[in-house]
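S.K.: Structure of the sequence below:
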Amino acid sequence: MEDSFSHAKDKWEKSHATPDFKVGDLVVVSTTNFNKVKRCKNLKDSFEGTFVIKALHGENSVEVELSEELSNKHPTFPVRLMKPHQSYYAGKISPKE
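M.R.: Next comes the predicted model:
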């Protein structure tokens, strides 16, 4: 029983590594829960913008500085909906800012 528990725990920890975000890091936020889409749902970007982390709220949520067009959204997002800016745009053309 303990073997299966430790095996399941090891497997979960390998696939659920929490990224080490710090205040001031650049991140992109997933648009999965963004309701109002300006264009076709299939054509929308899967991640939005480049945002600066303003504060950390525990290990599972991050507060970011939102852009003017997203100012109506709450600035705190769960870590699972974020990616570091560099890893998201690796191998892609970065959007013009």
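S.K.: The helix or strand that contains residue 13 packs against which elements?
M.R.: Using DSSP states H and E, residue 13 falls within helix 2-15. Here helix 2-15 touches no other helix or strand, going by 3 or more C-beta pairs under 8 Å, 6 or more residues apart in numbering; DSSP states H and E. For the C-beta atoms, the positions are set from N, CA and C on the backbone; glycine is no exception.
S.K.: Need the contact partners of whichever helix or strand comes after it.
M.R.: The first helix or strand that comes after helix 2-15 along the chain, using DSSP H and E, is strand 26-30. Here strand 26-30 makes contact (C-beta atoms under 8 Å, 6 or more residues apart in numbering) with 21, 46-53, 62, 64, 77, 81-86, 88-89.
S.K.: Can I have the buried ones of these as a ChimeraX selection?
M.R.: This is the ChimeraX syntax for the buried subset of those, where burial follows 16 or more other C-beta atoms under 10 Å:
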select :21,47,48,49,50,51,53,62,64,77,81,82,83,85,88,89
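S.K.: mind listing which of the contacts of strand 26-30 are in strands?
M.R.: Mapping these onto strands (DSSP state E) picks out 47-53, 62, 64, 77, 82-84.
S.K.: tell me the contacts of residue 63?
M.R.: By C-beta under 8 Å, 6+ apart, the contact list for residue 63 reads 53-57, 75-77.
S.K.: Check the spacing between the residue positioned nearest the centre of the chain and residue 1 real quick.
M.R.: Note on the chain: the residue nearest the mean C-alpha position is residue 82, at 0.5 Å, using C-alpha atoms, centre = their mean. According to C-beta to C-beta, to the nearest Å, residue 82 and residue 1 sit 36 Å apart.
S.K.: now swap in residue 13 and tell me
M.R.: 19 Å.
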